[in-house]
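# below is the structure, and that's it, no one-letter string:
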């Protein structure tokens, strides 16, 4: 096991803290971590809990009442809800915060363990749950119907401390809405759930303008029972927000948001270029080291500590090398960690709190930020193929480490994407540095397959693969699918935009547990001309009328020789008129 | 090929002969077509006929079947009868048991009879009448049964003066009388009977005025003006009606502690509810069920910041945008009881010096301003006593309980008022449904709507028969539920807008080209038949004249 990096150690330390002081009821912490290319990862974590007895008698104190009622009404044992926007750039930013367990695929993702004897009961409760949450979070969660719901087998494990009997009677359902655009209307109810609202503590930093301007942001709500050893069981709601801010973008003044070209004398040039001169400048993409303050980046400062938090836990932590100096507002105390590059701040109960990270002197040679940890796995997924009928999916999974990685790859695909499972194949290519026989067949890579085929208009495809990737190698996972043609009313209003396909969820089992999600895909389906129904009506009507008229006339009319019959009265009249005219002209 | 479909008739040949009289020079001469055989003519008639038969007996029914919307049969007349109040005249009989153990049986009977007369003379409203009944003696085994049925029992006891007192814990009226005031057996009236009658009337006055108001306010009543009610009384009744929530079998009570700042964060709500609220809820148990939840909310800024709240401020005090007071899920209406920690006061210009702590928001709940020192992080049970008692009082008002009388009496009259109210509501809903289905001929009416209507009418009948009894509320509740469900049927509400222009646009391209040959063929065929008949008649005539 490799626990070298600070982020994971910090995570474990905060987890330890939380279990130690779970009884106090509320915990909040903000973790700031500068990332390469002048980005900043801000991880907000709020945890509040209630005893199960209080929860059952509906006495809500720190646990939000609106959410609690929904959970009781829908018989929910454990709930996970994710709102995600943007893409985590693993190449530059390294491993994900919280090991990826607190983020979802693009859009909205929801999974929950529901108390139900039968699948029908679980479906009914799931419907209640999605509809109620949809109202609470102003999201279209009610569109998670049975076609978007799957029942994962191996990908998700319950996080809470459940008694064995309740988990045996609980059903896990998972639904995802990749098309949902997460925005401010989802943040407002999220903040309302916090005991201190957005009025005090680190929650006062959260602001829709900055959050949804981030390169990547993820909001998570996790509800699970926690039973501390020897103590009373608690129900814990954990709210997490991770956002990656572009510092130079965030520092733009609020009243002047339109990007304008920088004045010539303000340009920072790359002096290493051979053509650099007074008149030629190659601008540097990101400033090597920037000075920034909390207020600049978030648009406001922290308005005092939330009085409900346990006094032992410092609410703000920054992960930068100790060599970089940080100035904090008066009244706060700094605690430097001995064994990692991290320092934390305790806030004064009154007054604003602000942090200033100074610019690092380039000549000193000190590190500006903590090197990001290398992730266990890189995952990319894309469409292959062309045309309106067939397509393919290719997932590229790279193991950069020295250890074999075992993981579950899960896809929840819409029913109109008909997967040909027999085309599922893997190809392995090792990094050039290590000689390889490359004789590994797909049977050795894919160990197990859980597959639940789609039924048209009833349910989507569920595909779970248990895979193993040897160290320093890349696996190409491909399969083909057919695009089905939808009914006229099944197309959304923006049919030509395409259909979103939910992110694949990767859960690693060894060497340690973590989650990765690929980006979501945009699937083009053959789209009809939507004025089509009237055209069809008129076209078929004309065809029927023509054939009917012909048939009827042939049946009914008397057929005579060409020189027989009566001249039609119109024709004879015309002939007479013609004759008179010719006579007049001649006469 | 320009041959007309009909066979060569005399007229046709004549016209063609006329036409061929002046042929254009050089035009080819056209021979008359060979005469058609009768079988060919008959076959053509069959063809035309069979096409028409197909259209009429197969096409039209098919079209009819596939395009009509299902409309279940509703007993429209019966529904409108209910809505107009013709099906049931709501009359609430109230049984009153008279316990007069100290009197002789005969004397007591006479007393009851006289008192009944006196009551009937006083009463001018037929919807609500009191029925006196002499209760069995205490030693009789039937006593308990009687007590159970009657809404009120009168206990007559000899005393020094004539007094009346309502028992605060039971539905009972204790009347003492001097021995000489008992009417002798042959007297027509007495002071005591008049006294009993006025006493009873004043006890039930509020209920009676509420019922008469209900009957007059509902559109189904024959009279629009409430009988014998002054406008001031109507106004108070109207206020009562607007304050009260709609009837529901279950209400959800939400007790919230809101505070402007970070404290207090805990309160002894569980103990306070158990001590101050539970007894009241238990008493209300037979009429309503209650579910309870509580919450604490910090940093809740009220909608109004001023120190002294005026009447206008009270309306906007609740910060609906930020305060998490969403109704509970599960269908039961939510009643909010909100304790706000703050030192604001309520002041009205006309009531100088006097301030109160709480106000009721009609059909929503109550706000109580509780002032506490800032440093206090815990609200003790004792501090919650006054808010809880206020909430209890307001809960009764929000449920629509009458104001006067002892609590058991108020509750029993609440259940009678509610059953009359539900009965009228259900009838009204049925009437609306009937009118809706008449005015929108293209609306679909699924079968379960008809079932709901049938069930509703059945329960309405039972409720109407048992008004005043304990069954009435149950039946009226079901009737109202079914009527509402039928009225708000989902598949009915989502009526598709399908204008006539669209129908023409869909049908015309098909029907136009198909019907023209069919109609023309039919016309020609009919013409030919008429011609043939005329010809036959002529031939017959000629034959006759020969």
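Received it, and whenever you're ready, just let me know what you need. Bear in mind the structure is a predicted one, so any value in this text is a computation, not a measurement. Residues are numbered from 1 along each chain as shown, chains lettered A, B, ... in the order given.

# and the helices in the stretch 351-500 of chain A, which stretches?
A:442-445 (DSSP state H, counting those that start in this stretch).

# pick out the residue of it closest to chain B.
Closest approach between the stretch 351-500 of chain A and chain B, counting by Cβ to the nearest Cβ: residue A:489, at 12.2 Å. All C-beta atoms are positioned from the backbone trio N, CA, C, and that covers glycine.

# what do you get for chain A?
residue A:545 (3.0 Å).

# ok, that residue - contacts?
B:509, B:510, B:512, B:513, B:514 (Cβ atoms under 8 Å, 6 or more residues apart in numbering or on different chains).

# phi, psi of it?
When read as degrees, to the nearest 10, the backbone of residue A:545 gives phi -60, psi -40.

# could you report the pLDDT at it?
The per-residue pLDDT reported for residue A:545 equals 83.

# what of the one 10 residues further on?
Per-residue confidence (pLDDT) for residue A:555: 84.

# still on that earlier bit, got JSON lines for the contacts of residue A:545, with secondary structure too?
Shown next, in JSON lines, are those (DSSP: H, G, I helix; E, B strand; the rest coil):
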{"residue": "B:509", "secondary structure": "helix"}
{"residue": "B:510", "secondary structure": "helix"}
{"residue": "B:512", "secondary structure": "helix"}
{"residue": "B:513", "secondary structure": "helix"}
{"residue": "B:514", "secondary structure": "helix"}
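
# check whether stretch A:516-533 comes near chain B.
No. Against chain B, stretch A:516-533 shows no contacts by Cβ under 8 Å from any Cβ of the partner chain, the least distance being 9.1 Å.

# how long is that stretch from one end to the other?
44 Å (Cα to Cα, to the nearest Å).

# ok, now stretch B:435-448?
One end of stretch B:435-448 sits 18 Å from the other (Cα to Cα).

# now do stretch B:163-175
Stretch B:163-175 end-to-end distance (Cα to Cα) = 6 Å.

# stretch B:263-283 and chain A, any residue contact?
Yes. Contact between stretch B:263-283 and chain A, assessed by Cβ under 8 Å from any Cβ, occurs at B:263, B:265, B:266, B:269, B:270.

# so which bits of that stretch are buried?
Neighbour-count burial for stretch B:263-283 flags B:263, B:264, B:265, B:267, B:268, B:269, B:272, B:273, B:276, B:277, B:280, B:281 (criterion: 16 or more other Cβ atoms under 10 Å in any protein chain shown).

# which residue, other than its chain neighbours, is closest to the closest residue to chain A within chain B?
Nearest residue of chain B to chain A, counting by Cβ to the nearest Cβ: residue B:513, 3.0 Å away. Leaving aside its sequence neighbours, residue B:513 sits nearest to residue A:545 (Cβ to Cβ, 6 or more residues apart in numbering or on different chains; 3.0 Å).

# do residue A:106 as well
If the residues on either side of it in the chain are set aside, residue A:106 comes closest to residue A:520, at 4.4 Å by Cβ to Cβ, 6+ apart.

# got the phi/psi numbers for that neighbour?
Note on residue A:520: its backbone torsions stand at phi -80, psi 160 [degrees, to the nearest 10].

# likewise residue A:513?
phi -80, psi 130.

# so what pLDDT did it get?
The model's pLDDT for residue A:513 equals 89.

# do residue A:286 as well
On pLDDT, residue A:286 comes in at 56.

# then residue B:29?
pLDDT, read off for residue B:29, is 66.

# try the one 10 residues further on
As predicted, residue B:39 sits at a pLDDT of 87.

# is it fair to say it lies in a strand?
No. Counting by three-state DSSP, residue B:39 is located in no strand; its state is helix.

# ok, it - how many residues close by?
When neighbours are counted by other Cβ atoms under 10 Å in any protein chain shown, residue B:39 registers 8.

# what do you get for residue B:440?
By other Cβ under 10 Å, the residues close to residue B:440 number 12.

# before we move on, what about residue B:422?
Residues lying near residue B:422 (other Cβ under 10 Å) number 24.

# skipping adjacent residues, who's closest to it in space?
residue B:476 (3.8 Å).

# where in the chain is pLDDT low?
Just so you know, I chose chain A. A:1-24, A:254, A:257, A:285-289, A:361-366, A:431-443, A:587 (pLDDT under 70).

# ah, no, chain B please
B:1-30, B:124-126, B:136-149, B:217-229, B:348-355, B:493-499.

# close to chain A: what parts of the stretch 401-546 of chain B are there?
Going by Cβ under 8 Å from any Cβ, the residues of the stretch 401-546 of chain B near chain A are B:505, B:506, B:509, B:510, B:512, B:513, B:514, B:517, B:518, B:521.

# at 6 Å instead, please
B:506, B:509, B:510, B:513, B:514, B:517, B:521 (Cβ under 6 Å from any Cβ of the partner chain).

# which element is the first one on?
Yep, that's residue B:506 we're talking about. helix B:500-545 (DSSP states H and E).

# so what's the residue nearest to residue A:450 when sequence neighbours are not counted up against?
Distances taken as Cβ to Cβ, 6+ apart place residue A:464 nearest to residue A:450, at 3.9 Å, with adjacent residues excluded. Neighbouring residues of residue A:464 by Cβ atoms under 6 Å, 6 or more residues apart in numbering or on different chains: A:153, A:154, A:155, A:408, A:410, A:450.
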